[in-house]
Structures are given as C-alpha cells and as structure tokens.
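Sequence plus the predicted model coming up.
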Amino acid sequence: SDANMSYDDLASKLNVTNTYAAQLLLGQAKLTPQTAVKLSEALPNITEEDLASMQNDFPMRTFDDEILKEPNVYRTYEAITHYGEAIKNIINEQCGDGIMSAIDFYCDVGTTTGRHGEKRVVITFNGKFLPHIEQISDDNGAKSPRD
C-alpha cells in the first residue's frame with residue numbers, strides 16, 4: 001500500500017475489506033471497473049498500465065510454499081490446522097453436511113484489546129455455506145460419458 005495509507009484506509013476508500021485491498025495490490029484479486037475508479041483516486045500515482053493489468057489479467061490465486069516460513073503466515077496456518085477438526089464439526093453441526101466457500105467469502109483482519117490491556121488479533125472468515133448434494137442421476141444435466 002502507499003507509504004502514507006494503511007490497508008484499512010485504502011479499504012475504506014474502495015469499500016472493500018482490508019484483506020481484499022491487500023489482495024488487489026498483491027495481484028491476488030481482480031479489480032472491477034467500478035473499484036478501478038476509486039483506486040486511481042486513492043492512489044494517484046498508480047499507472048494506467050497497472051490499472052489495466054489489474055482488471056484484465058487473471059490473478060494468481062496460489063502461494064509459494066516458502067510463505068509458510070513467514071511467522072505470521074505459519075502461526076495462522078497452525079491455528080487453522082489445530083482448530084480445523086473442531087471448526088469442521090461445528091460447521092457441520094450448525095449448517096449440515098457441506099463446506100464453507102472460499103470463493104463467496106469475506107475476510108477481515110483487525111485488532112481488539114484483551115482483558116489485560118494486550119493487543120489481540122481478530123480474523124473474521126465469512127464464507128457462504130455450500131451443502132454437499134446427493135448426486136441424483138436424473139438431476140445431472142450433463143450428457144453421460146457412456147452414451
């Protein structure tokens with residue numbers, strides 16, 4: 001982000017979450033034309049070439065395994081894997097048999113103050129629930145590969 005602007009500030013100007021603002025600048029999310037106008041106003045030094053690339057190129061939504069060596073990323077990964085089975089069971093208990101989408105998904109990162117005055121990190125995952133379906137053959141609109 002710009003040296004004088006936080007991701008929260010940029011997100012506010014773009015009307016997106018702070019993680020989405022960061023993803024836009026990291027090339028991990030596609031810029032819409034409406035948000036491109038806001039981005040060019042928020043970051044006046046951004047080039048037309050960069051704006052065009054952010055709108056027309058398909059983002060790389062993967063990661064280099066080396067990122068897992070970065071302590072913040074590793075600890076977040078560790079927390080998800082440590083609590084993963086419990087999270088899965090609670091999702092299934094509350095929503096049924098299915099998964100949380102990572103496509104129809106919002107992520108926001110912030111802080112709060114703990115009981116003892118310490119700064120604490122809050123990460124919110126807000127994903128659409130996608131139920132698993134019973135695969136009824138009559139409901140399958142695709143032509144059978146056996147025809």
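Done, it's in. Since the structure is predicted, the reported quantities are computational estimates derived from the model, not experimental observations. Numbering: from 1, shown residues only.

F125 touches S101, doesn't it?
No: F125 is beyond contact range of S101, at 10.3 Å (criterion: C-beta atoms under 8 Å). For the C-beta atoms, the positions are set from N, CA and C on the backbone; glycine is no exception.

Show the secondary-structure elements that the strand or helix carrying N72 is packed against.
Using DSSP states H and E, N72 falls within helix 71-95. With contacts taken as 3 or more C-beta pairs under 8 Å, 6 or more residues apart in numbering; DSSP states H and E, helix 71-95 sits against strand 98-113, strand 119-131.

Name the residues of it that come out as buried.
By neighbour count with 16 or more other C-beta atoms under 10 Å, helix 71-95 contains the buried residues I91.

Can you check what angle separates it from strand 98-113?
Calculated by axes from the mean of the first three to the mean of the last three C-alpha atoms, to 10 degrees, helix 71-95 forms an angle of 130 degrees with strand 98-113.

what's helix 71-95 in contact with?
I67, L68, G98, I99, M100, I123, F129, P131 (C-beta atoms under 8 Å, 6 or more residues apart in numbering).

wait, doesn't the fourth one sit right on L130?
Yes: here I99 reaches L130: they are 5.4 Å apart, a contact under C-beta under 8 Å.

As CSV, the contacts of helix 71-95 with distance to E41, pLDDT and neighbour count would be great.
Rendered in CSV, the data for those read as follows (distance: C-beta to C-beta, whole Å; pLDDT from 0 to 100; neighbours: other C-beta atoms under 10 Å):
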residue, distance to E41, pLDDT, neighbour count
I67, 31, 90, 11
L68, 36, 90, 12
G98, 40, 97, 14
I99, 38, 96, 15
M100, 34, 96, 16
I123, 29, 97, 12
F129, 36, 98, 13
P131, 41, 97, 10
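
for these, which one is nearest T35?
In terms of C-beta to C-beta, no member of the contacts of helix 71-95 lies closer to T35 than I123, at 22.8 Å.

how much space between the spatially most central residue of the chain and A52?
Nearest residue to the geometric centre of the chain (C-alpha atoms, centre = their mean): C107, 5.1 Å. Noted for C107: a distance of 26 Å to A52, by C-beta to C-beta, to the nearest Å.
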